[in-house]
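Student: Sequence first, predicted model second:
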Amino acid sequence: MAHNSSRERTHAIGKARELLTLDAIVLDTETTGLDENAEIVEISLLSMSGRVLLDSLVKPRTTIPPEATEVHGIGMEMVQDAPSFNELWEAGLDTILTSRPLTIYNAEYDLRLLEQTCRISGITPAKKIEAECAMKLYADFRGIRDERYGEFKWHSLASAARQCGLRLPEDLHRSLADIRLTREVLLHIAGSEGKQLDLI
C-alpha cells in the first residue's frame with residue numbers, strides 16, 4: 001500500500017515529533033485481567049530520551065488469575081515482595097504521571113486500569129491523568145481505512161513493530177519491553193531514525 005499522505009498522517013508525524021521534543025513519558029502496565037475489578041501488577045515508565053523512570057512489579061490486593069499469568073508471565077510468587085500501588089503512589093508515582101506529557105499504546109485501557117487501581121487502593125489523584133494514545137497515532141500514520149467502522153484500522157503493538165521493521169523482544173507483554181517497543185514505534189513515526197518506512 002502506498003504511503004498515506006492524509007492530514008491525519010501529517011498530524012501523527014508532528015505529534016510524535018512533539019512527544020520526542022518534550023521528552024514525554026511512555027507508560028505501560030500489566031494487570032490481573034480486563035474487567036472492572038482488575039488491578040495493576042506491573043508498571044513501567046520510560047522517557048522518550050530512553051531513560052527508565054520506573055520499572056516495578058506491584059503487589060495487588062487480589063490474586064493474579066492463571067489466564068493473566070499466561071499472557072504476561074507474572075505470577076503471585078513474583079509479586080509477594082513487591083511494593084503495593086499505594087507505596088508507589090506515595091513514593092512519587094502521582095508526580096511522575098502528571099509532570100510531563102504521557103503517551104501509552106492503547107491509552108484508553110491503561111488509563112482505565114490506573115483509575116481502577118487508584119479506586120481499589122483508596123487513592124484520589126490530585127490531577128486527572130491524561131495521555132496521548134500511541135496506538136491511535138500509529139493508526140493515523142499507517143492510514144489503512146477500516147471500511148466497517150469508517151476509521152483508520154488499529155494495530156497491535158507487535159503488528160506495528162513488525163510493520164516498522166523492529167525486532168520483537170522475547171519478553172513481549174512485560175511492561176518495560178512494551179514501553180521500549182512503543183518508544184521505537186514513535187521514533188519511526190517521527191522519522192528520527194532517518195529511514196523511510198516501507199508500508200506494504
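Tutor: Looks like it arrived, so ask away.
Student: which secondary structure elements does the lowest-mean-pLDDT helix or strand in the chain contact?
Tutor: Each helix and strand of the chain was given a mean pLDDT (mean pLDDT, DSSP states H and E); the minimum falls on strand 145-146 at a mean of 78. Contacts defined by 3 or more C-beta pairs under 8 Å, 6 or more residues apart in numbering; DSSP states H and E place strand 145-146 against strand 151-152. Just so you know, the C-beta spots here come from the backbone N, C-alpha and C atoms, and that holds for glycine as well.
Student: Report all helices and strands that the strand it packs on contacts.
Tutor: So strand 151-152, by 3+ C-beta pairs under 8 Å, 6+ apart, packs with helix 134-142, strand 145-146.
Student: what's the most buried one of the ones you listed?
Tutor: Of the helices and strands packed on strand 151-152, the one with the most neighbours on average (mean count of other C-beta atoms under 10 Å) is helix 134-142, at a mean of 24.
Student: Now that helix - C-alpha only, PDB.
Tutor: The C-alpha trace of helix 134-142 is given here as PDB (Å, rounded to 0.1, in the frame of the first residue of the first chain):
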ATOM      1  CA  ALA A 134       0.300   5.900  20.600                       C
ATOM      2  CA  MET A 135      -1.900   3.300  19.000                       C
ATOM      3  CA  LYS A 136      -4.200   5.900  17.600                       C
ATOM      4  CA  LEU A 137      -1.200   7.900  16.300                       C
ATOM      5  CA  TYR A 138       0.100   4.800  14.500                       C
ATOM      6  CA  ALA A 139      -3.300   4.100  13.000                       C
ATOM      7  CA  ASP A 140      -3.400   7.600  11.600                       C
ATOM      8  CA  PHE A 141       0.200   7.300  10.400                       C
ATOM      9  CA  ARG A 142      -0.300   3.900   8.700                       C
END
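Student: as a whole number, average confidence for it?
Tutor: Summarised as a single mean, pLDDT over helix 134-142 is 95.
Student: in the helix or strand harbouring Arg9, what's buried?
Tutor: Assessed by DSSP states H and E, Arg9 sits inside helix 7-21. Of the residues in helix 7-21, Glu8, Arg9, Ala12, Ile13, Lys15, Ala16, Arg17, Leu19, Leu20 count as buried by neighbour count, 16 or more other C-beta atoms under 10 Å.
Student: Spit out the contact partners of the last one.
Tutor: If you count contacts by C-beta atoms under 8 Å, 6 or more residues apart in numbering, Leu20 has them with Met48, Leu186, Leu187, Ala190, Ser192.
Student: Which ones among the residues you listed lie within helices?
Tutor: Counting by DSSP state H, the part of these found in helices is Leu186, Leu187, Ala190.
Student: pretty sure the first one contacts Leu19?
Tutor: Yes: if you go by C-beta atoms under 8 Å, Leu186 and Leu19 touch, sitting 6.2 Å apart.
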